[in-house]
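J.: have a look at this prediction, sequence included:
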Amino acid sequence: MIVLDVLTGLLLVAALFFFAAGTVGLLRFPDLYSRLHALTKADNVGLGLTVLALMLQAESWPEVFKLGLIWVMVLAASATVCFLIGNEAYRRGVKPWTRRSP
């Protein structure tokens, strides 16, 4: 169906935007904590949009369920890893970036 194909394409373009924004955040943000935030938020939304696009193209409900389950598992893993990295950095004394007044 043409409408589903166009909607799938739009969702994939939107996902690409979020993946690119996360990459820019990784390269441009000043400290570990803001970089982690950019990556986890943008990548989770990008993956969600990608999975939604794939769900529209799935041929059966079990495939849709599996795709949704994969997304939920990646969300949980991403949040856990982000917490562990941030917590370990904090424990080792990595200070968050602050703007210093002249």
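T.: Arrived safely.

J.: can you tell me how far residue 49 sits from residue 10?
T.: Going from residue 49 to residue 10 by Cβ to Cβ, to the nearest Å gives 9 Å. Every C-beta, even on glycine, is put in place using the N, C-alpha and C of the backbone.

J.: chain neighbours aside, what residue packs nearest to residue 94?
T.: Of all residues not flanking residue 94 in the chain, residue 32 sits nearest, at 5.8 Å (Cβ to Cβ, 6 or more residues apart in numbering).

J.: sorry, back to before: settle it for me: which of residue 49 and residue 10 has more neighbours?
T.: residue 49 (20 against 12; other Cβ atoms under 10 Å).

J.: ok, that one touching residue 11?
T.: Yes: counting by Cβ atoms under 8 Å, residue 49 touches residue 11, with 5.0 Å between them.

J.: which residue ranges of this protein form helices?
T.: Taking DSSP state H, the helices of the chain run over residues 2-28, 32-57, 61-91.

J.: pick the most deeply packed of those helices.
T.: Stretch with highest mean neighbour count among the helices of the chain: helix 32-57 (a mean of 18; mean count of other Cβ atoms under 10 Å).

J.: ok, residue 47 - contacts?
T.: Going by Cβ atoms under 8 Å, 6 or more residues apart in numbering, residue 47 touches 15, 71, 74.

J.: ok, the residue positioned nearest the centre of the chain to residue 2 distance?
T.: Centroid-nearest residue in the chain: residue 43, 1.5 Å away (criterion: Cα atoms, centre = their mean). From residue 43 over to residue 2 the distance is 30 Å, taken as Cβ to Cβ.

J.: residue contacts, the residue lying closest to residue 18 once chain neighbours are set aside?
T.: Of all residues not flanking residue 18 in the chain, residue 46 sits nearest, at 3.7 Å (Cβ to Cβ, 6+ apart). By Cβ under 8 Å, 6+ apart, the residues touching residue 46 are 15, 16, 17, 18, 19, 22.
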